[in-house]
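[1] This is the structure alone, sequence omitted:
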């Protein structure tokens, strides 16, 4: 088990605690709250600032923290000595720039102002992020003042004949254009400021000093307002100063206009979201709410449609809550159904009546929303540095996402259960797959907590047919049930993925044989190359996990073969989608690189690469060192390479003139290899067990003991291979002493070696000794001759390949050789078949056929 | 030495006659220099189709000249010494040695011995002499003088196993022509039908003892047989009896040596090396093929694209773009020289023949041994 799982489990459990805490209270008051919240924003235009305070109290405890920091920031402005957060520093910097601008204004140094202005604008995005998308007050103030100053200066310059100095003039014109452009974005704020500068600046101070009373008051007030709105419309002034009236009757009309503007350029999505939040407040019927919510959620997702940007946490949370709310409504009102392919309701004036026998169908897909929500979270997690607190914070959102997933699954099942709807099976499959993908890489304890919290959050009366409540208690069963469900109902890639997820889960929970059997029975290794890249990555991950599982079970050979493909290449990171690997001579287009980046797994799903390498190298060592000793100095030494990368490292290590004490994992393994090759098993074992990374595995002590025993056995084998030629007889008890093994064990090992014809010896059981036979090994000439035969064979084959290439497989290429005149495109195969026959005849007599053979005979 | 290639007909030299003195000197020089190859100059004269080699003198190893292209040393690394073998092999065509040889010839003329350079000799081990250096040396001689030179190859390794191994070689005319143009592309080789068998011509060689030497040999004291000899039954028995043979150095018991393994091991080792070299060459060639194919595919697509553009431009009544611009845009890879591959081929052939010859001899010996054993057992 890797380091990341430790980190993961802790973060996971903490997120679950959070869930317990916030989930309990969030659910019941979700609806009330969100209506309040959005009515809060009704008066945003008047005091645009208050929204961030009001919005904050809607989303739970974390927001209060933010408020605190806001306050502290205000206080800090006076005392500079106080330790500041990065955010405060940024504000101070902004202030500094503004001061510089003001100073420059006094002497009309427009060039300097232009520079400072640019700097300020560059800082703005970060500041805005801190303030949840609002520009800071002083920024607004500065740009407002600047605008007036600039226009004045410009007018003055027109009138006065005296020329400005050229730098300043240039600065002024540049500044004027920029201000024009940028100020357009903040028209609302600017107007508010112009109207009453004092008030605009004051507000925030007032709020900060006494936030609590105002909040309760405004809450009450807004609740009343919301009630009012439900009764008789709600008049308010829109951003353009145009009166906008939102009534329950006009909701659909507004929605239609928003939907129509979707995807167009220059649509202000934030504005639309605000409108829809308001619409949600005034909506009366469930149908209206559902309609508004669907559009609202979709628009929230649209906010970050680009590939480079991620959803902000606030927007994500809101979207998540929106989905939860939507699901809540749909669960309570079975008369409304959200389903794909439903007909649009064309009549904006009349609204459908719910409650009759026939269902009201609304076009949309809950499953797609949840999937999108999941994707967005993944994208956010990809972009955040995994070692920051922010990452953990965002990771905690996975809990609520998982609840939504489960509820969406329930809803999809519900739809499917309704015979009238003909809902597609695919939806359930998709959402079950998502759920499985959230489970498969987690240890069972984590999944248990997750499941418990989820079922607590799901309304009591709901239960799943696919994965009933009762199954949730046993994680193994849950994964099994989900995977089997997908296997029975889905097809193609989803089936494969489900299989892989289950294997991964099994491997993670130390069920090696089960995992291996499933892996082999799935036959995925034959077809995996036809799957999409993400599934291939999953396959690689699963394979790796199976390998690690084999290692934990002490099966060195199985582990090595499983890990060979992934670790043997130099592209582990790429294969496991755990980071980009910059290849020196690669010709990756930016497009490909972007795709690659998108595929990356978030950090909490990573398999620890260092551990992986350590396991792989250790296994390679245990297999390679005896093989090397066995091969000795025979010329076919190179042929039996088990792990190329290990061999390369070993060679590199041997070439070093001075070897210092080992520093990293690789050094440790290499030095252990050297010791093992020299028969010093104790030293080798010490080197291996010193490696710190074993501690990341559960039951590290057992694994170390296992490794030690393996080293003893392989050390014995190595010793026998290396020194057998120097012995006539060898007492078993001696060997047992030397390698600290039991005599039976030594006897067993030696017998095995004799049986596999690795050792030319016999066991004398009476005297407890091994008697070596001499002169059994191949003589040098014999082994050379064998190598020679092999090489000649290869030469013939490659010659024929070249011939094939030259002739492009045309028919007359092989007609000279009647014994294989198969002609046509099969010429190549014929050639190779012919070569195969030589091998059958064996060694020296094989030179009778083939191009080279006939050339020799022609002499 | 029966295999006389038909190409010899137009070459003036049909036979090489080697003085025993030369053989002895070469043996001495070569064995002292072993394992680095030794090289030297041959002097003598040509009588009709026969080339008589009457004397020789060794070359000192080539001194790498500072700054010259012939110098093997790396300018970046002044402490680097070219390896001894390469230096020794470069000797016959080194500039410093040309003047040395001229000087030696002058002295020889003064003492009134044959003073015509007729070639050069080198030593090798187990026949591993076919290399680029060998070819270049011989080409240097064959080019420089009016075609009356041979290369003698003395095999130290094989000579240590009994009989002296000396061979005389010349480069074939077709190979010389190819070498002059330095063109060893697949195409030119195909055209000239040059094969690896055609690189070297072996010339029959005869060792000649002067009468003085023969007399000396005959005066060498041989101990008389201890036991009384049987009377010969016939006159022919007098000739057959080794104890009474006229040749004082016979019988040579070295020829009965039965150690097979060392020879075969060494040959196989060398053969493996050659195959390794061949594989390298083959890889080079196939790499070239691949990159050529790739480049050609690129050119083809470019041409098609350009054709399409031109068609479009023709519709728009614009002047067509040049269609042969690809020559500037794309660079075809340079074809690797096949010379090395050919030489490797010749070298392998050399080894194979050696083993073949060796086998013929050894098989005979083995039968002899077997016959002896069988006889003994039957007697027992």
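    Yes, it's here. Here the structure is a predicted model, which means the values were calculated and not measured. Residues are numbered from 1 along each chain as shown, chains lettered A, B, ... in the order given.
[2] Centre of the chain to the helix or strand where residue A:287 lies, how far?
    Element membership for residue A:287, per DSSP states H and E: helix A:286-302. Centroid separation for helix A:286-302 versus its chain: 28 Å, with CA atoms, centre = their mean, to the nearest Å.
[3] list the helices and strands the helix or strand immediately after it in the chain packs on?
    Where DSSP H and E defines the elements, the next helix or strand beyond helix A:286-302 is helix A:313-332. If you count contacts as 3 or more CB pairs under 8 Å, 6 or more residues apart in numbering or on different chains; DSSP states H and E, helix A:313-332 packs onto helix A:30-40, helix A:286-302, strand A:336-339, helix A:366-383, helix A:389-417. Where C-beta positions appear, they are placed from N, C-alpha and C, glycine not excepted.
[4] the bottom helix or strand of chain B by mean pLDDT?
    Here the helix or strand of chain B ranked lowest by mean pLDDT, DSSP states H and E is helix B:235-240, holding a mean of 71.
[5] Tell me which helix or strand comes right after that one.
    helix B:261-315.
[6] Tell me if that next one is near chain A.
    Yes. Among the residues of helix B:261-315, B:261, B:264-265, B:268-269, B:271-272, B:275-276, B:278-279, B:282, B:285-286, B:289 lie within reach of chain A under CB under 8 Å from any CB of the partner chain.
[7] Rounded mean pLDDT for that helix, please.
    Averaged over helix B:261-315, pLDDT sits at 87.
[8] residues in contact with whichever helix or strand comes after it?
    The C-terminal neighbour of helix B:261-315 among helices and strands, as given by DSSP H and E, is helix B:326-329. Applying CB atoms under 8 Å, 6 or more residues apart in numbering or on different chains, the contact partners of helix B:326-329 are B:299, B:302, B:303, B:306.
[9] Narrow these to those that are buried.
    residue B:306 (16 or more other CB atoms under 10 Å in any protein chain shown).
[10] Switch the contacts of helix B:326-329 over to JSON lines; also include distance to residue A:501.
    Listed next are the contacts of helix B:326-329 as JSON lines, based on distance: CB to CB, whole Å:
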{"residue": "B:299", "distance to residue A:501": "49"}
{"residue": "B:302", "distance to residue A:501": "48"}
{"residue": "B:303", "distance to residue A:501": "51"}
{"residue": "B:306", "distance to residue A:501": "52"}
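[11] isn't residue A:367 right next to residue A:412, touching?
    Yes. Residue A:367 lies in contact with residue A:412 (CB atoms under 8 Å); the separation is 5.7 Å.
[12] got any residues that touch both of the two?
    Common neighbours of residue A:367 and residue A:412 (CB under 8 Å, 6+ apart) are A:427, A:431.
[13] Enumerate the positions of stretch A:594-608 that are buried.
    A:596, A:599, A:600, A:601, A:602, A:603, A:604, A:605, A:606, A:607, A:608.
[14] now swap in stretch B:91-101 and tell me
    In stretch B:91-101, counting by 16+ other CB under 10 Å, buried: B:91, B:92, B:93, B:94, B:96, B:97, B:100, B:101.
[15] Likewise for stretch A:707-714?
    Residues of stretch A:707-714 classed as buried by neighbour count (16+ other CB under 10 Å): A:707, A:708, A:710, A:711, A:712, A:713, A:714.
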